[in-house]
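In: Just need the structure, nothing else, for what follows:
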Amino acid sequence: MNYSTLRKVFAVSTLALAGVSTASAQSTTATATTSPATTTVFGGSSQYRTWSIGINGGVLTPTSILNKNDYDDPELNFGYGAFIKKQFTHGFGAKLDFHRGNLEAKSSASNPAGIGQGAFKTDLHYAIALKGVFNIASTSFLSRTKNVGFALDAGVGAANYKVKNSVGSFNKGDGGTLFIPIGGAINFKLSDAIALNLAYTTNLLDDDNLDGTYARGNNDKWTYASAGLEFALGSKSKPSLEWTNPVAVMYDELKDPTLRQEVEALKTRVSTLENTVNQLSADADGDGVSDKFDKEPNSAAGAVVDGSGRTIKFPAADSTMASAMGNVIQFEFDSSVLKTSSYPTLDRISSELRANSASKVTLDGHASAEGTEAYNLNLSRDRANSVKTYLVNSGVDANRITTKAYGESKPVASNATEEGRIKNRRVEIKK
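Out: Numbering: from 1, shown residues only. This is a model prediction of the structure:
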């Protein structure tokens, strides 16, 4: 390494240290004057700063840790570069990278004859690469914030260069080809907006003309070791996605006082709703109408009631009807489902039939006049069969029960009023 190279490396180191000092001071100020931004687990990338730019400087050399090129005594030269990066998750991003500088080497006395004789110098006009960046670890992964991280990157790029040998008799002219960069970095968070990057990249050229010599038969390569600063772009109120700790974000969201208050409020609303449902379903007299809507809350057991819980008073139409006053089962509109208020009457009829094995019963089904006659005839049949099913399930022989359907043809009250229609939705039990 010559004296000129030493001065260049020293200058880069000085710039890096100055950047660290300045960024550290900014970090201290930011910590004292700003508060962490609030983010949520599934809030999307818009709540973070995901773009950043960077500048760097360092050492270029026409060799690598893998093996040497055609010249076995490489020089260290100053190089510089820049990049723009997009962070997609806290662990992965994409970077468009650029660097340039000079590459030099010479052959030692022990270098095999015919391989890299003399010396060469290559002007690396540019090397541009698109890389995927993988944040693989952090020394502070158990802390709320990440301050030191390790990353690997790889991609594909294009380089343009001009190469000469020491004698000057061989001049490759302008050349260019593809290369594959593979590297790693240690990143230090200096503030919410600035990070220090220490990186090392081996660039594998898709050609053997970087040094103007083809003798070795392997494609050439060069390395770039650099130090630089990375600056996050975007609103200062947003944290950088690269330095976000997902575990901390999840913890903060679960422990968020506002969220816990909402959960407690939800519990209260559920409890209130349960109490309301219990109140609506309460039926003290068992007539099938809840107490909240029951206008006759103390109706007699087994009484036939209307939709408001009031006992229905049947008129004494004739002797046949009079005999059936206590043996009428009422139904809701367009329904053949038995009401719980009918159970006492049905249980009494069942008990009487089971006590007298010779007795038989006829179930006459009826309907109010809403709908067509055919529909009401089927509805009245279904109502009679519902009563029969209940009696059979209670132990009465099915052969002792006859069902008949009359539809809307035999009303006991006027179908012009709701009170009359309620009375007509019935099954008469006749012995």
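In: Just to be sure, K410 is in a helix?
Out: No. K410 sits outside any helix when classified using DSSP: H, G, I helix; E, B strand; the rest coil, being coil.
In: ok, which stretches of this structure are strands?
Out: For the chain, the strands defined by DSSP state E occupy 51-61, 73-74, 77-89, 92-106, 119-138, 148-165, 171-189, 194-205, 221-232, 328-330, 361-365, 401-405, 426-430.
In: Now distance to G309, mean pLDDT and mean neighbour count too, for those strands, in a markdown table please.
Out: Yep, even glycine has a C-beta here, placed from its N, CA and C like the rest. As requested, those are arranged in a markdown table below (distance: least, CB to CB, whole Å; pLDDT from 0 to 100; neighbours: other CB atoms under 10 Å):
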| stretch | distance to G309 | mean pLDDT | mean neighbour count |
| --- | --- | --- | --- |
| strand 51-61 | 70 | 97 | 21 |
| strand 73-74 | 101 | 85 | 18 |
| strand 77-89 | 63 | 96 | 19 |
| strand 92-106 | 68 | 94 | 20 |
| strand 119-138 | 70 | 92 | 19 |
| strand 148-165 | 73 | 91 | 18 |
| strand 171-189 | 73 | 82 | 17 |
| strand 194-205 | 75 | 96 | 20 |
| strand 221-232 | 71 | 96 | 22 |
| strand 328-330 | 12 | 94 | 22 |
| strand 361-365 | 24 | 94 | 21 |
| strand 401-405 | 29 | 94 | 18 |
| strand 426-430 | 18 | 94 | 22 |
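In: can you tell me which of the ones you listed comes nearest to E264?
Out: In terms of CB to CB, the element of those nearest to E264 is strand 77-89, at 33.4 Å.
In: Identify the residues contacting the closest one?
Out: Contacts to strand 77-89, defined as CB atoms under 8 Å, 6 or more residues apart in numbering, come from residues 5, 8-9, 11-12, 45, 48, 50-61, 93-104, 124, 133, 224, 226, 228, 230, 240-242.
In: how distant is that strand from the center of its chain?
Out: Centroid separation for strand 77-89 versus its chain: 32 Å, with CA atoms, centre = their mean, to the nearest Å.
In: ok, that strand: who's next to it in the sheet?
Out: In its sheet, strand 77-89 lies beside strand 51-61 (antiparallel), strand 92-106 (antiparallel), with partners assigned from DSSP bridges.
In: Adding distance to A303, write the ones you listed out as a markdown table.
Out: Below are these laid out as a markdown table (distance: least, CB to CB, whole Å):
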| stretch | distance to A303 |
| --- | --- |
| strand 51-61 | 78 |
| strand 92-106 | 75 |
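In: quick one on the thing from earlier: out of the strands of the chain, which is closest to T311?
Out: Closest approach to T311 among these (CB to CB): strand 328-330, 11.0 Å.
In: Which elements pack onto the closest one?
Out: Under the contact definition 3 or more CB pairs under 8 Å, 6 or more residues apart in numbering; DSSP states H and E, strand 328-330 sits against helix 343-355, strand 426-430.
In: if you compare those, which one is most tucked away?
Out: strand 426-430 (a mean of 22; mean count of other CB atoms under 10 Å).
In: circling back to that earlier point, any chance of the helices and strands packed on strand 328-330 in JSON lines, with distance to N298 too?
Out: Output for the helices and strands packed on strand 328-330, formatted as JSON lines (distance: least, CB to CB, whole Å):
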{"stretch": "helix 343-355", "distance to N298": "15"}
{"stretch": "strand 426-430", "distance to N298": "24"}
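In: Relative to N197, which of these is closest?
Out: Going by CB to CB, the one of those nearest N197 is helix 343-355, 82.4 Å.
In: Report all helices and strands that the closest one contacts.
Out: Using 3+ CB pairs under 8 Å, 6+ apart, helix 343-355 sits against strand 328-330, helix 373-393.
In: per-residue pLDDT, L6?
Out: Predicted confidence (pLDDT) for L6: 40.
In: Could you list everything the nearest residue to G176 once chain neighbours are set aside pairs with in the sheet?
Out: Excluding the flanking residues, the one nearest G176 by CB to CB, 6 or more residues apart in numbering is N160, at 4.0 Å. Beta-bridge pairing for N160 (DSSP bridges): Y126, G176.
In: Verify the stated contact: N160 with H125.
Out: Yes. If you go by CB atoms under 8 Å, N160 and H125 touch, sitting 4.5 Å apart.
In: In this model K95 seems to touch N135, though I could be wrong.
Out: No. Using CB under 8 Å as the test, N135 is too far from K95 to be in contact (11.9 Å).
In: mind checking how far R269 is from T122?
Out: Distance, R269 to T122, by CB to CB, to the nearest Å: 74 Å.
In: Ignoring the adjacent residues along the chain, who's closest to I65?
Out: Closest to I65 by CB to CB, 6+ apart is T202, at 6.9 Å.
In: Identify the residues contacting the one you found.
Out: S64, I65, L66, P181, I182, G183, K221, W222, T223.
In: Now with 6 Å, please.
Out: Contact partners of T202, counting by CB atoms under 6 Å, 6 or more residues apart in numbering, are S64, I182, T223.
In: what's the distance between K86 and G44?
Out: As for K86, its distance to G44 is 15 Å (criterion: CB to CB).
In: Kindly report the same for V263.
Out: Look at V263 and G44: by CB to CB, they are 23 Å apart.
In: sorry, back to before: so which of the helices and strands packed on helix 343-355 has the densest surroundings on average?
Out: Highest mean neighbour count of the helices and strands packed on helix 343-355: strand 328-330, a mean of 22 (counted as mean count of other CB under 10 Å).
In: What lies in contact with stretch 327-337?
Out: Stretch 327-337 has contacts (CB under 6 Å, 6+ apart) with V304, S342, D382, R383, S386, V387, R425, R426, V427, E428, I429.
In: now what about stretch 365-373, what contacts it?
Out: Residues contacting stretch 365-373 (CB under 6 Å, 6+ apart): 376, 379-381, 383-384, 405-408, 415, 421, 424-427.
In: From one end of that stretch to the other, what's the distance?
Out: Stretch 365-373 has an end-to-end distance of 13 Å (CA to CA, to the nearest Å).
In: What residues of that stretch count as buried?
Out: G365, H366, A367, S368, A369 (16 or more other CB atoms under 10 Å).
In: In the beta-sheet assignment, what are the partners of the first one?
Out: Beta-bridge partners for G365, by DSSP bridges, are A405, V427.
In: what about it, distance to K423?
Out: From G365 to K423 the distance is 14 Å (CB to CB).
In: before we move on, what about the third one?
Out: A367 is 12 Å from K423, where distance means CB to CB.
In: try the second one
Out: Counting by CB to CB, the separation of H366 from K423 is 9 Å.
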